[in-house]
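Trainee: Let's see this in three dimensions:
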Amino acid sequence: MKRSHLLDYLVGRIIRIEQPHPVRVAIDGPDAAGKTTLAHELVAPLQAHGRPVIRASIDGFHNPARIRHQRGGTSPEGYYLDSFNYQALTESLLAPLGPGGSRQYLRAVFDYRTDSEVRLPAQVAEEDAILLFDGVFLLRPELFEQWDFTIFVEAAFETTLGRAEQRDELLFGSIGEVRERYLKRYIPGQKLYMAESRPRERADVVVDNNDPQNPKVR
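Mentor: Here you go, the predicted structure:
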């Protein structure tokens, strides 16, 4: 389908969800599959329907480097098990926006670039707000019940690796370093996640994003 048709389809699904609290949407998928791009694209059409949108990402809920890399910098288990602070994510964002929550939330608590806490002022969500939250490992058992709608964006690992080589060369210093990180840590870590949590089977919608301009809904 055309990209615009995908966005129309997802917006239609999301705005039909009725909850007495903000709707919490997870946009999950492997690294470089296109999660963040899709989340950004959904903001304007949801707002056009009169819905306030909260954008946040798992990148705002990393663990400190000493925890993330305690099993080694290229450990797949370390990537899957140690990267993120799910307690902080739940307490600061997902629970406040959920059933019986205060609607007072934080969109981030940690900056992995500086390896330090982020101290942002708390915000209060409107009752009909929609949280668009992108990131890896979002449909794992600790988080699955916290979402009101789930999207899994998938692409072949050879495709995501090629995108990462273009996107992350400056971040890691060289294409060779990008390949090493992905082949040793990120892709094997995703395979662990898929084996344990079966995100393709659990998601409300699976988007095949191998060709972003002609995605497929599975």
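Trainee: Thr37 against Val207, yeah?
Mentor: No: Thr37 is beyond contact range of Val207, at 11.2 Å (criterion: CB atoms under 8 Å). Every residue, glycine included, has its C-beta placed from N, CA and C.
Trainee: more crowded one of the two?
Mentor: Neighbour tally, Thr37 and Val207, criterion other CB atoms under 10 Å: the higher count belongs to Val207, 26 against 14.
Trainee: Which helix or which strand is home to that one?
Mentor: Here Val207 sits within strand 205-208, counting by DSSP states H and E.
Trainee: roughly how far is that strand from the heart of the chain?
Mentor: 14 Å (CA atoms, centre = their mean, to the nearest Å).
Trainee: what does stretch 102-119 give?
Mentor: 15 Å.
Trainee: Against Asn63, how distant is the residue nearest to Ala203 when sequence neighbours are not counted?
Mentor: What sits nearest to Ala203 in space, not counting adjacent residues and going by CB to CB, 6 or more residues apart in numbering, is Phe152, at 3.7 Å. Going from Phe152 to Asn63 by CB to CB, to the nearest Å gives 23 Å.
Trainee: Of those two, give the one with the bigger neighbour count.
Mentor: Neighbour count, other CB under 10 Å: between Phe152 and Asn63, Phe152 has more, with 26 against 18.
Trainee: Would you map the helices across this protein?
Mentor: 3-15, 35-48, 65-68, 76-82, 86-89, 157-167, 169-172, 175-181, 187-197, 199-202 (DSSP state H).
Trainee: between these, which one is nearest to Lys216?
Mentor: Nearest of these to Lys216, taken as CB to CB: helix 3-15 at 8.6 Å.
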